[in-house]
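Asker: Next input, structure requested:
(chains A and B)
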Amino acid sequence: MIEISQLVFEYPGHRALDGVSLRIAAGSVTALVGPNGAGKSTLMRCIAGLEQPLSGQIRVQGIAVQEQPREVHRHLGYLSDFYGLYDRLRVERCLQYSALAMGVAADRVDARVRQVAAQLGLSELLQRYPTELSRGQRQRVAIGQAIVHQPGVLLLDEPASGLDPEARSSLSQLFRQLQAQGMTLVVSSHILSELDEYCTHILAIRGGRIESHEALHAAAPVDSASAAAQALYALEIAPSGADAERRLRQALQDSGVQVQEQVQELDATGMRPTLLWLPASPAARAQWLARMVQSGVAVAGLAPVRERLQDRYARTAGTAGSSGGPGAPQTAPSHAQEQA
Amino acid sequence: MMRNPEFQRQLWLNWSPSLLAWSLGLSALVLALPLVLAPASERASYLGVTATAGLWMASAVYGSVLAGRSLAEEAGQNTWDWQRLSALSPWQMAWGKLLGSAVPAWMYTLWFALAVLFVSATWAGQAALGLHSVALAVLWGLGLQAWAMNSVLIGWGQREIPANRRRAALLPLLFLFFIPGPYLGRIYGSLLNGSERAVLWWGLDIGSKGMAYLFGALLLALGLLTLWRQLCARLDVRTLPWAWPLGLAASGFFVAGTLDAGLPALWKATAWIALAATAYAALQHVHSHLRSWRQVQWSASRGRWREMLQALPLWPVSWLLALAASLLLPLQPDAHEDGHGAGMVALLACLQLLRDGLILTGFALLAGRLRSPLAAFCMAWVVINIVLPLLALGLAGPGGAAAVQPAMALMFGESGIPAIHDATAWASLGLQLLLAAGWAAWIFRDRVLGFAHENG
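Answerer: I've put the predicted structure just below:
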């Protein structure tokens, strides 16, 4: 759907994207995360054909962006961080113009405008001017302009910025709807907890380089020592005496699994589950579970858990930081927590 | 045209039934003034002057302000990204904005045009005069509106919003009304006095009105070509660099026609216009040279020749045109006696501009390392072109200064500066060119090839 190879982009005196290569699958919702100045907006603008990279290639639905930017726009919608609206046109006209300018056939424009207005809850606002709308309503109009031509790819740069909780919630619902319709979304945001609700992939970028790009539902991380796939599980323990915590700690140590929390924070009271990285293979996991039961741990339940986006980002950034590679500061996890 | 979404949007913005009534009412009010204030015997004449003035004010001045504003408004409302994201071609965008944004001005133009036609047909008894007046106002009005949009786009530069956008919209009006005084003088002389002096263009007597139409057509054609090219750049649509040299060649052809001196005048006019354009293009795009040359190198290294040409900065293109015209100048069998001398001067000026272009490119490639490459170049230019010749003048007399600045010495050879031997001129400029090329190549190796090596 989106293929990028060796993309380099420079502002005067500053390299914003440094050899970025990636592939975003059709129908996915990718959270584009990274600190300020990491290159998120620049990457999106390059994909949208709004910036010309120094070198490298971008293809959207097989069309080369640099060679056919106007053609690509028929298949792509983009909501920029600092979008504006045509203040002297009514909402209906704004949507009609966007549809016509994006190549929607004239006889389909009105129907399409009504569909989008209904989808975004704008039907009552069609005869209003954008200056008469709230920020959330303006945001919906802007999204309407970006999707009115039913693009295959939608890029959203900080779409929830400045919105109240209710508007953010409806935005999340909308993104899930769009994904269900088969649209590929790339969403940049600092609010990781919201991205968590609908994203299928995380693309972390830092210093103009891709730090990680992985599926959120996949069995990550891959242990570098054993190269065995793992997945996150919640282990529920039944309260079973005073030394329950010691037994649990010992059993976990013996089994060699990775605990999501610090070991000191293990809870054997049954109040909250312990998050563990367990083998993705069912057979290996069954073996591990049997050993735990044999060790005297009162296992009440074991359920797969989807790793939170902010934990994934913090862990990825932390790994990059500890690897000592360039542009991977050690403070990344705490920074991510602050952003979340 | 209604299939053009941009034109449709401009109509939504600028057209309303009330505009019809308002424009008619205000125009009638203005036209009533001479009828009320002028003596009875002069009413027809005053009405004609008022209607003509209103016609030009509406089509040229008000229309240009509206056309410029249509682009400036995009920047003010931060909606330009939507335009860039649309699937509209630069031509659709150019026509849609040009014709749609000035609809209110065209409404006023319509009422004043009707008044002009009425006065010329009924009181002056010269219906043709009125028709020419209206046709010229429409032609020139469209041309000036295109240039008003161009001036906003040029002022836009690399920034997100154009600087002094309102002032930029008025710039072409001032420029075009004051610079071509002789042409406008002929237009008014022809229209008001009915005199038909011989006005030759490429040996044809096209008359004053013909010249006015021709100049208006050139203004509109170049305005549209420039508008299309500027919109291509603003919409990130890459194009081969044909529009720039074509516009320069057309300008040279037009100017040479008015000089009526045959092909040598064509080469001479083209060479000097292209040289001036080279200097303009190099300075105007100094901030983008590094990016452009890196893209050129990247495309060339992969054999993508079309992309390479699309990324090429414009100044080498117009420089090549100037060089070609300079080389053709002395080759004309019917060249004047000074054909060789004029060709030599143009050729030396070409080489000197190439030297300065290379120096400018060198500084431009240092973008990011120098605070202001343009300021650094200006200082270097002053040193090379003014300080060094003055030093040479002090040390070795006029001959020394001429050797350092041979092109200028040849150009002003009849103004008291001692003549310089051809061989000395070539040797001096060749050495300067060699040094400039060597320096630029050294910087190129570091900043462009080094970049390619890092990203290989």
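
Asker: Show me how chain A divides into domains.
Answerer: Domain ranges of chain A: A:2-215, A:230-304, per automatic domain parsing.

Asker: Turn those domains into a markdown table, including mean neighbour count and distance to B:Thr52.
Answerer: The C-beta positions use only the backbone N, C-alpha and C, and glycine is treated the same way. Output for those, formatted as a markdown table (neighbours: other C-beta atoms under 10 Å in any protein chain shown; distance: least, C-beta to C-beta, whole Å):
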| stretch | mean neighbour count | distance to B:Thr52 |
| --- | --- | --- |
| domain A:2-215 | 19 | 33 |
| domain A:230-304 | 15 | 82 |
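
Asker: Out of those domains, which is closest to B:Leu13?
Answerer: Comparing those against B:Leu13 with C-beta to C-beta, the closest turns out to be domain A:2-215 (5.5 Å).

Asker: and the stretch 51-200 of chain A, which residues reach chain B?
Answerer: Within the stretch 51-200 of chain A, the positions adjacent to chain B are A:51-52, A:54-55, A:66-67, A:69-71, A:73-74, A:76-78, A:80, A:82-89, A:93, A:97-98, A:100-103, A:106, A:145 by C-beta under 8 Å from any C-beta of the partner chain.

Asker: which residues sit against stretch B:26-43?
Answerer: By C-beta atoms under 8 Å, 6 or more residues apart in numbering or on different chains, the residues outside stretch B:26-43 that reach it are B:Ser45, B:Tyr46, B:Leu47, B:Val49, B:Thr50, B:Ala51, B:Gly54, B:Tyr108, B:Trp111, B:Phe112, B:Ala115.

Asker: Please give me every residue in contact with the third one.
Answerer: The one in question is B:Leu47. B:Leu47 is in contact with B:Leu31, B:Pro34, B:Leu35, B:Ala38, B:Ala115, B:Val119, B:Trp123, counting by C-beta under 8 Å, 6+ apart.

Asker: looking at those residues, which has the most residues close by?
Answerer: Highest neighbour count within the contacts of B:Leu47: B:Val119, with 25 neighbours (other C-beta atoms under 10 Å in any protein chain shown).

Asker: Can you say which helix or strand has that residue in it?
Answerer: Counting by DSSP states H and E, the element that carries B:Val119 is helix B:103-122.

Asker: cool, A:Pro53 as well?
Answerer: Using DSSP H and E, no helix or strand contains A:Pro53.

Asker: B:Ala243 reaches B:Gln230, doesn't it?
Answerer: No - judged on C-beta atoms under 8 Å, B:Ala243 makes no contact with B:Gln230 at a distance of 9.7 Å.

Asker: Just want to know which of those two has more residues nearby.
Answerer: Taking other C-beta under 10 Å, B:Ala243 and B:Gln230 do not tie; B:Gln230 has more neighbours (21 against 18).

Asker: Where does the stretch 101-250 of chain A get nearest to chain B, which residue?
Answerer: Here the residue of the stretch 101-250 of chain A nearest chain B is A:Ala101; by C-beta to the nearest C-beta that distance is 3.6 Å.

Asker: Please name the residues that touch that residue.
Answerer: B:Pro5, B:Glu6, B:Arg9, B:Trp82, B:Gln83, B:Ser86, B:Ala87, B:Leu88.

Asker: Counting by contacts, list what the top helix by length along chain B packs against.
Answerer: If you go by DSSP state H, chain B has its longest helix at helix B:127-156. Helices and strands touching helix B:127-156, by 3 or more C-beta pairs under 8 Å, 6 or more residues apart in numbering or on different chains; DSSP states H and E, are helix B:43-56, helix B:63-76, helix B:90-101, helix B:103-122, helix B:165-178, helix B:207-234.

Asker: what's the most buried one of those?
Answerer: Comparing those by mean neighbour count (mean count of other C-beta atoms under 10 Å in any protein chain shown), helix B:63-76 ranks first with a mean of 23.

Asker: what angle separates that helix from helix B:103-122?
Answerer: Put simply, helix B:63-76 runs at 180 degrees to helix B:103-122, going by axes from the mean of the first three to the mean of the last three C-alpha atoms, to 10 degrees.

Asker: so how far is helix B:63-76 from its chain's centroid?
Answerer: 19 Å (C-alpha atoms, centre = their mean, to the nearest Å).

Asker: Could you point out the helix or strand that follows that helix?
Answerer: helix B:80-85.

Asker: can you give me the mean pLDDT across that following helix?
Answerer: Averaged across helix B:80-85, the pLDDT comes to 86.

Asker: is that helix up against chain A anywhere?
Answerer: Yes - part of helix B:80-85 sits near chain A under the criterion C-beta under 8 Å from any C-beta, namely B:Asp81, B:Trp82, B:Gln83, B:Arg84, B:Leu85.

Asker: What's the local residue count around the closest residue to chain A within the stretch 151-300 of chain B?
Answerer: Here the stretch 151-300 of chain B gets closest to chain A at one residue, B:Trp298, 4.3 Å apart by C-beta to the nearest C-beta. Using other C-beta under 10 Å, B:Trp298 has 23 neighbouring residues.

Asker: What strands line up against the host helix or strand of A:Leu232, and which way round?
Answerer: Taking DSSP H and E as the definition, A:Leu232 sits inside strand A:230-237. If you go by DSSP bridges, strand A:230-237 pairs up with strand A:274-279 (antiparallel), strand A:299-304 (antiparallel).

Asker: Make CSV out of those strands and add mean pLDDT.
Answerer: Below are the strands paired with strand A:230-237 laid out as CSV (pLDDT from 0 to 100):
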stretch, mean pLDDT
strand A:274-279, 79
strand A:299-304, 84
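
Asker: Check what contacts stretch B:50-62 and list those residues.
Answerer: Contact with stretch B:50-62 is made by B:27, B:30-31, B:33-34, B:102, B:104-106, B:108-109, B:112-113, B:115-116, B:119, B:133-134, B:137-138, B:140-142, B:144-145, B:173, as judged by C-beta under 8 Å, 6+ apart.

Asker: show me what contacts B:Thr361?
Answerer: B:Thr361 sits next to B:Ala282, B:His289, B:Trp293, B:Ala440, B:Ile443, B:Phe444 when contact means C-beta under 8 Å, 6+ apart.

Asker: thought the second one was touching B:Leu366?
Answerer: Put plainly, it is B:His289. No - the pair B:His289 / B:Leu366 is not scored as a contact, 9.9 Å apart, by C-beta under 8 Å.

Asker: Give me the more crowded residue out of the two.
Answerer: B:His289 (22 against 17).

Asker: Leaving out the residues flanking it, which one is nearest to the more buried one?
Answerer: Nearest in space to B:His289, with sequence neighbours left out and distances taken as C-beta to C-beta, 6 or more residues apart in numbering or on different chains, is B:Ala364 at 3.5 Å.

Asker: Check A:Gln6 too.
Answerer: In space, A:Gln6 is closest to A:Gly56, 4.3 Å off (C-beta to C-beta, 6+ apart).

Asker: Thank you, goodbye.
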